[in-house]
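1. Fold the stuff below for me.
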Amino acid sequence: MKVTLVGANLELEQVNRALADPGCRPHLSPEPIAAAYARISRSERSVEELRREARENVDKARKSNRTIVFEMGHASIAEHASFNFDLEGISRLAIEAVEHSRLASYTERSQRYVLIGADIVVPDEVRDASGFVPRYLEAVDVLHQGYRRLVEGLVDHHVRQAGGEASLDKGRRRDIDTAAREDARYLLPLATAGQLGLTLNARSLESMIRRLRGHSLSEIRWISERLEEEALAVTPSLVRHTTPWEWEEPQEAHPGAFDAVATQLPGSVEPSRSATGSDVASPVRAVLLYSTPSPAGLLLGGIRFERGGTPFSPGGRDSGRDFGAVADAWFSGAGVHAPAPRSFELVDFLFELTCSAACFGQLKRHRMATLLAAPYDPGIGPMVPPSVREAGLEPDFLRILASVRPHLDEARRRLGPAADYLLSNAHCRRVLFKTSLRELVHIARLRLDRHAQWEIRDLAGQMCRLAVERLPEMEPWLCGKDSFPGRS
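-> Below you'll find the predicted structure:
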């Protein structure tokens, strides 16, 4: 495992000077920029003068940063410093934890497009459990070998469906390889090693470190320590409060409390109401728990308020028709790539979703939504890709997962939360997902497109159908990029 700081924002003036003069040694830290910007609000001097002063006296700039950011509480100053990290060899499970942070940018190696090797993470919890390492390695090896066989079996199936190898050009063969890897990855364990590019500012980094440091898994705590070490080496004045917050679990919980509340929420839909939209038995499911009451009238009132400046008043009896006309005008004029207006954030939908780990890896990227994920539940799934059924490979797929189950059960008893490393991408979890209409439009554009992965396309389709039941005027516009009205 490896965490490396590979970039930070520097003044171009310093960089250009160093390129022109080999003897020049610039200060390789974003601290002078942050310190200069911290002074803008209370100084008559130009930004250039403030940057020059901070650059020429770094110790003073660091002291200023500490005072303004941490003593005076102006934490937004830390957002002027940004970092780029390489995270290599960390588990798929750890990547989930890292990407839980909203205000950061991530690009990870895709298990859809890349043929994954056998590199795995063996966490300290496994090494510390007497005699369990061989059993752990046996379980992940079974899953990885099953993945390889499934890739080969699916490739053969798709080639036959396409009329044989001789009929394939390079593009079609590449598509077949991608389709096979996309579905075979459901057998990959969450212990599989991956890599990730991470970009975030100092304030978000501090928050991420603090959250990861309080995690139950040693690998994730290790990542937080490395992130802090790497950042402090170049920016000691902007990352400080990294001790996890302490809180206690409630002494008594009422498992049915949320169900009782959800059914009483105004505008809620019965929790059993779902839209599976599939003829194939599948764990993928969306249930609408709540939606904003009278959404068309609320949206229309918000739009009129923003455009006319009149006191807010929800639309009346003809709100649906009037809002529909506004939505049609906006989307047909703005085009397929335009986001919905900010007024669309006035309407919310709360879903309970059930999906696989493979799908959750994509769902979690919609960070503007509120996402609360329950633990993985081996009793729900597993998710079997339709292509696996069509190729006649489902019995082998299920046999592989069943053979790993005793190892997983033993890991539950001995390792606690670290047993999740032996889960596969086929295992499922439930997720509470609250999104505004504006974000739902974005989800639809991206996830209903024909190029989207099939499981998240199914899940997004269910969510949009349920939303349209509450707001029929949005039916033409909750669609993928490829089916946007007016596109050829």
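2. buried stuff in the one helix or strand residue 65 maps to?
-> Using DSSP states H and E, residue 65 sits within helix 58-65. Residues of helix 58-65 classed as buried by neighbour count (16 or more other Cβ atoms under 10 Å): 61-62, 64-65. Every residue, glycine included, has its C-beta placed from N, CA and C.
3. can you list the residues that contact that helix?
-> 27, 29, 31-32, 34-36, 38-39, 53-55, 77-78, 236-238 (Cβ atoms under 8 Å, 6 or more residues apart in numbering).
4. Which secondary structure state does residue 4 sit in?
-> Here residue 4 takes the strand state, with states given by DSSP: H, G, I helix; E, B strand; the rest coil.
5. Same list, the buried residues of helix 58-65, but as TSV with pLDDT and distance to residue 304 please.
-> Listed next are these as TSV, based on pLDDT from 0 to 100; distance: Cβ to Cβ, whole Å:
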residue	pLDDT	distance to residue 304
61	83	49
62	85	50
64	84	46
65	81	45
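6. hang on, the earlier thing: how far off centre is the helix holding residue 65?
-> Relative to its parent chain, helix 58-65 has a centroid offset of 35 Å by Cα atoms, centre = their mean, to the nearest Å.
7. ok, now stretch 226-246?
-> Averaging C-alpha positions (Cα atoms, centre = their mean) puts stretch 226-246 23 Å from its chain's average.
8. go on, stretch 443-459?
-> On the basis of Cα atoms, centre = their mean, stretch 443-459 sits 15 Å off its chain's mean C-alpha point.
9. Residues contacting it, please?
-> 112, 182, 277-278, 282, 284, 286, 336-337, 353, 355-356, 358-359, 362-363, 366, 369, 383, 385-386, 435, 460-461, 463-464, 477-484.
10. hey, which helix or strand in this structure has the poorest pLDDT?
-> Here the helix or strand of the chain ranked lowest by mean pLDDT, DSSP states H and E is helix 257-262, holding a mean of 44.
11. Show the average pLDDT along the following helix or strand past that helix.
-> Next in sequence after helix 257-262, counting helices and strands by DSSP H and E, comes strand 285-291. Strand 285-291 shows an average pLDDT of 97 in the prediction.
12. Which other helices and strands does strand 285-291 contact?
-> Counting contacts by 3 or more Cβ pairs under 8 Å, 6 or more residues apart in numbering; DSSP states H and E, strand 285-291 packs against strand 348-356, helix 454-470.
13. partners of the first one, with directions?
-> Looking at strand 348-356 with DSSP bridges, its partner strands are strand 285-291 (antiparallel), strand 428-436 (antiparallel).
14. Return the set of buried residues in the longest helix along the chain.
-> Taking DSSP state H as the assignment, the helix of the chain that covers the most residues is helix 133-161. For helix 133-161, the neighbour count (16+ other Cβ under 10 Å) marks 135-136, 139-140, 142-144, 146-147, 149-151, 153-155, 157-159 as buried.
15. Which neighbouring elements make contact with the host helix or strand of residue 397?
-> Element membership for residue 397, per DSSP H and E: helix 394-415. Applying 3+ Cβ pairs under 8 Å, 6+ apart, one finds that helix 394-415 contacts helix 133-161.
16. angle of the helix it packs on against helix 394-415?
-> Put simply, helix 133-161 runs at 160 degrees to helix 394-415, going by axes from the mean of the first three to the mean of the last three Cα atoms, to 10 degrees.
17. For helix 133-161, name the packing helices and strands.
-> Counting by 3+ Cβ pairs under 8 Å, 6+ apart, the packing neighbours recorded for helix 133-161 are helix 124-128, helix 170-184, helix 386-390, helix 394-415.
18. in the stretch 351-488 of the chain, what spans have low per-residue confidence?
-> 486-488 (pLDDT under 70).
19. Enumerate every residue touching the residue nearest to residue 15 when sequence neighbours are not counted.
-> Of all residues beyond its chain neighbours, the one nearest residue 15 is residue 26 (6.5 Å), with distances taken as Cβ to Cβ, 6 or more residues apart in numbering. By Cβ under 8 Å, 6+ apart, the contact set of residue 26 is 10-11, 14-15, 17-18.
20. Just give me the neighbour total for residue 16.
-> A count of nearby residues for residue 16, using other Cβ atoms under 10 Å, gives 12.
21. Next, it: secondary structure please.
-> Per three-state DSSP, residue 16 ends up helix.
22. do you know how far it is from residue 58?
-> 19 Å (Cβ to Cβ, to the nearest Å).
23. how close does residue 449 sit to residue 239?
-> Distance, residue 449 to residue 239, using Cβ to Cβ: 39 Å.
24. just residue 167 next, same as before
-> Separation of residue 167 from residue 239 (Cβ to Cβ): 57 Å.
25. related to what we said a few turns ago, need the strands paired with strand 348-356 in CSV (columns: mean neighbour count and distance to residue 222).
-> What follows is the strands paired with strand 348-356, written out as CSV (neighbours: other Cβ atoms under 10 Å; distance: least, Cβ to Cβ, whole Å):
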stretch, mean neighbour count, distance to residue 222
strand 285-291, 22, 36
strand 428-436, 20, 24
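26. so which of these gets nearest residue 405?
-> For these, proximity to residue 405 was assessed by Cβ to Cβ; strand 428-436 is nearest, at 14.4 Å.
27. Now find how far off-centre the closest one is within its chain.
-> Here strand 428-436 is found 12 Å from its chain centre; the criterion is Cα atoms, centre = their mean.
28. Quick one: residues in contact with that strand.
-> With contact meaning Cβ under 8 Å, 6+ apart, strand 428-436 is reached by 283, 289, 344-357, 360, 363, 366, 368-377, 380-383, 443, 463.
29. Nearest to residue 46, out of the helices and strands packed on strand 285-291?
-> strand 348-356 (44.7 Å).
30. Give me the contacts around the closest one.
-> By Cβ under 8 Å, 6+ apart, strand 348-356 touches 186, 262, 271, 283-292, 363, 380-383, 425-437, 440, 455-456, 459, 463, 466-467, 470.
31. what's downstream of the host helix or strand of residue 35, the next helix or strand?
-> Assessed by DSSP H and E, residue 35 sits inside helix 31-39. Downstream of helix 31-39, the first helix or strand assigned by DSSP H and E is helix 47-56.
32. which residues are contacting that next one?
-> With contacts defined as Cβ under 8 Å, 6+ apart, helix 47-56 is touched by 11, 13-14, 27, 31-33, 35-37, 39-40, 43, 60-61, 64.
33. cool, stretch 88-99 as well?
-> 1-4, 87, 106, 108, 111, 119-121, 123, 188-196, 198, 208, 212, 215, 217, 219-220, 223, 357, 360-361, 364-365, 420-421, 423, 425.
34. distance between that stretch and the chain's centre?
-> 11 Å.
35. the domain parsing of the protein - what is it?
-> Domain segmentation of the chain under automatic domain parsing yields 2-87+195-234, 120-191+395-418, 255-383+426-488.
36. Need the pLDDT of the spatially closest residue to residue 155 that is not a sequence neighbour.
-> Sequence neighbours aside, residue 180 is the residue nearest to residue 155 in space, at 4.5 Å (criterion: Cβ to Cβ, 6+ apart). Residue 180 is assigned 96 on the pLDDT scale.
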